[in-house]
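In: I'll drop the sequence and a predicted model, then ask my questions.
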Amino acid sequence: MKHLKELIATAVLAITLAGCSSNDEVIRIGTPFQEDETSEVKFHTDIMAAESITDLRDIMNSEKEVEKPANLSSLADTFFTLDIPEEGVSEISRYVWYQEDGRTILSNDDLAGNEDQDFFILTADQTEELKHILAE
């Protein structure tokens with residue numbers, strides 16, 4: 001009887017853990033491009049490594065909001081989202097412009113002039129870590 005209870009407890013735990021994995025997060029990476037007058041992104045990489053997702057969250061939690069930089073190109077260098085596919089949610093999305101000084105400018109939108117567009121900056125060290133994550 002004791003073994004049966006342990007077996008049932010193990011089965012319940014396994015089912016519970018399997019249920020939790022349905023909300024797996026994924027970092028999706030894409031290349032922004034311009035077609036006619038429309039900005040689009042072609043996605044090419046998905047990263048599901050838990051450590052990379054945690055590291056990305058840490059970077060995003062330390063980004064500093066800044067005014068819109070005057071000298072950004074109209075096309076970002078890359079784009080990423082942190083998605084929860086099972087829920088159909090993009091928790092974080094950022095266009096990325098790498099700067100010559102080693103820092104990075106991020107935005108929640110392309111440069112289409114959205115009134116709700118926010119800009120953020122990362123340090124050179126944060127930029128290196130971001131590049132490492134996005135290169136996986």
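Out: Right, received. Where do you want to start?
In: go ahead and confirm Gln99 touches Ile105.
Out: Yes: Gln99 is within contact range of Ile105, at 6.3 Å (criterion: CB atoms under 8 Å). (C-beta placed from N, C-alpha, C; glycine too.)
In: give me the more crowded residue out of those two.
Out: Ile105 (23 against 16; other CB atoms under 10 Å).
In: for the more buried one, which non-adjacent residue is closest in space?
Out: Nearest residue to Ile105 in three dimensions, chain neighbours excluded: Trp97, at 4.4 Å (CB to CB, 6 or more residues apart in numbering).
In: cool, Asp110 as well?
Out: Distance criterion CB to CB, 6+ apart; nearest residue to Asp110, sequence neighbours excluded, is Ser39 at 4.5 Å.
In: list the beta-bridge partners for that neighbour.
Out: Note on Ser39: beta-bridge partners Gln34, judged by DSSP bridges.
In: ok, it to Asp83 distance?
Out: Separation of Ser39 from Asp83 (CB to CB, to the nearest Å): 19 Å.
In: over to Glu128?
Out: 24 Å.
In: more neighbours, the two?
Out: Neighbour count, other CB under 10 Å: between Glu128 and Asp83, Asp83 has more, with 19 against 13.
In: give me the average confidence score over stretch 53-64.
Out: Average pLDDT, stretch 53-64: 96.
In: again with stretch 34-50
Out: 91.
In: ditto for stretch 82-92
Out: Mean pLDDT, computed over stretch 82-92, is 92.
In: tabulate the CA atom coordinates of that stretch in PDB.
Out: Extracted in PDB, the C-alpha atoms of stretch 82-92 (Å, rounded to 0.1, in the frame of the first residue of the first chain):
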ATOM      1  CA  LEU A  82      10.000  37.300 -25.000                       C
ATOM      2  CA  ASP A  83       6.900  35.200 -25.800                       C
ATOM      3  CA  ILE A  84       4.600  32.900 -23.900                       C
ATOM      4  CA  PRO A  85       3.300  30.900 -26.900                       C
ATOM      5  CA  GLU A  86       0.600  28.900 -25.000                       C
ATOM      6  CA  GLU A  87      -0.900  32.200 -23.800                       C
ATOM      7  CA  GLY A  88      -0.400  34.000 -27.100                       C
ATOM      8  CA  VAL A  89       1.400  36.800 -25.200                       C
ATOM      9  CA  SER A  90       4.600  38.800 -26.100                       C
ATOM     10  CA  GLU A  91       5.700  39.900 -22.700                       C
ATOM     11  CA  ILE A  92       8.700  42.000 -23.900                       C
END
